[in-house]
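[1] based on what follows, work out the 3D shape:
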Amino acid sequence: MKKTLFTALAAATALTAVGGAATAQPYGGADRYDRDGRYEQRWERNHINQRQAHIDRMIDVGFRRGDLTRQEASRLHDQARDIARLEARYRYNGLTSWERSDLDRRLDGLESRLSRELRDRQYGYGYGYRR
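    Residues are numbered from 1 along each chain as shown. Just a heads-up that it's a prediction; the model follows:
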């Protein structure tokens, strides 16, 4: 009995030690701060593009669900398109931190307007339609 218990305890200890050593190994991959900041710029580009795509999807979903009127959806799409044009102009020579923050501020404003329009109880289906 003692021999079996001792063997099981030794096996459990060995497995625990091996598992801990494997997780303690360094990753060895690149982190966010290598490559002279180029990784950060790629992340920002993807971040801004993802935000723009999310806003466009939310406008489309809001219009399909009837939460946005045609005029509201059109106006919001126009504003999103203006921000995309501004981003392309900024990206021509590379984004500075001020330009990144300006795009973020404009996208925040557009998200705020979209949220307000989605909840203003003006439905797009026709006169008198209520949920």
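
[2] in stretch 103-115, which residues are buried?
    Within stretch 103-115, the residues that count as buried by 16 or more other CB atoms under 10 Å are 103, 106-107, 110, 114. Placement of C-beta: from N, CA and C, glycine included.

[3] mind listing which of those residues are in helices?
    103, 106-107, 110, 114 (DSSP state H).

[4] hmm, back to that, adding pLDDT and distance to His47, write the buried residues of stretch 103-115 out as JSON lines.
    Shown next, in JSON lines, are the buried residues of stretch 103-115 (pLDDT from 0 to 100; distance: CB to CB, whole Å):
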{"residue": "Leu103", "pLDDT": "95", "distance to His47": "10"}
{"residue": "Arg106", "pLDDT": "97", "distance to His47": "14"}
{"residue": "Leu107", "pLDDT": "96", "distance to His47": "10"}
{"residue": "Leu110", "pLDDT": "96", "distance to His47": "15"}
{"residue": "Leu114", "pLDDT": "94", "distance to His47": "18"}
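
[5] closest one of those to Gly66?
    Nearest to Gly66 among the buried residues of stretch 103-115 is Leu114, at 15.1 Å by CB to CB.

[6] for the closest one, give me its contacts.
    55, 58-59, 62, 76 (CB atoms under 8 Å, 6 or more residues apart in numbering).

[7] just among these, which is most surrounded?
    The most crowded member of the contacts of Leu114, judged by other CB atoms under 10 Å, is Ile59 (24 neighbours).
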